[in-house]
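Visitor: what shape does this take:
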Amino acid sequence: MVWQGLQARILAAGGRLAEAEELARSAVALAARTDFLNQHGDALLELAVVLGKAGRAAEARVAVTDALGLYGRKGNLLAAARARRRLERLAPA
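Guide: Numbers count the residues shown, from 1 in each chain. Modelled structure (predicted):
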C-alpha cells in the first residue's frame, strides 16, 4: 500500500495523472480490505494528492474527509491534524 501511494505521487508529479489515480485507487481498495485504519487513511491522502494535481479538488476533499474519519476512529490525533490541514488547503476559495 505504501509503495503504491508513493509511486502514484511520483507519477502525478510527472503528469501521468490517469496512471497515478489508478494506482492510488488500487492502494485505497487494498487498504479498505484490511483492519489497518492508519494505512487506509494514508492511502486516501495520497489519492487526494493525485486528485488535487488533476484539478479535482472536490473529489480530493472527499478523500481527505474519509481519511480524517479513519484517523478519528483509530485515535490518531497527529494524522488527523495533518488531514485537517490538507482539507483547509483544499477549501474552495
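
Visitor: which residues sit in contact with the residue nearest to Q7 when sequence neighbours are not counted?
Guide: Spatially, and ignoring its direct neighbours in sequence, Q7 is nearest to L23 (5.8 Å; CB to CB, 6 or more residues apart in numbering). For every residue, glycine as well, the C-beta is placed using N, CA and C. Residues near L23 by CB atoms under 8 Å, 6 or more residues apart in numbering: Q4, Q7, A8, L11.

Visitor: swap in 10 Å and give it another go.
Guide: 3-12, 16, 46-47, 50 (CB atoms under 10 Å, 6 or more residues apart in numbering).

Visitor: what about it, distance to V62?
Guide: 18 Å (CB to CB, to the nearest Å).

Visitor: ok, back up a step: what helix or strand is the residue nearest to Q7 located in?
Guide: According to DSSP states H and E, L23 maps onto helix 17-32.

Visitor: ok, and for that helix, which residues are buried?
Guide: Across helix 17-32, burial judged by 16 or more other CB atoms under 10 Å covers L17, A20, E21, L23, A24, R25, S26, A27, V28, A31.

Visitor: helix or strand next in line after it, which one?
Guide: Heading C-terminal from helix 17-32 (DSSP H and E), you reach helix 37-53.

Visitor: just want the angle from the lowest-mean-pLDDT helix or strand in the chain to helix 37-53.
Guide: One helix or strand of the chain scores below all others by mean pLDDT, DSSP states H and E: helix 2-13, with a mean of 91. Using axes from the mean of the first three to the mean of the last three CA atoms, to 10 degrees, the direction of helix 2-13 lies 10 degrees away from that of helix 37-53.
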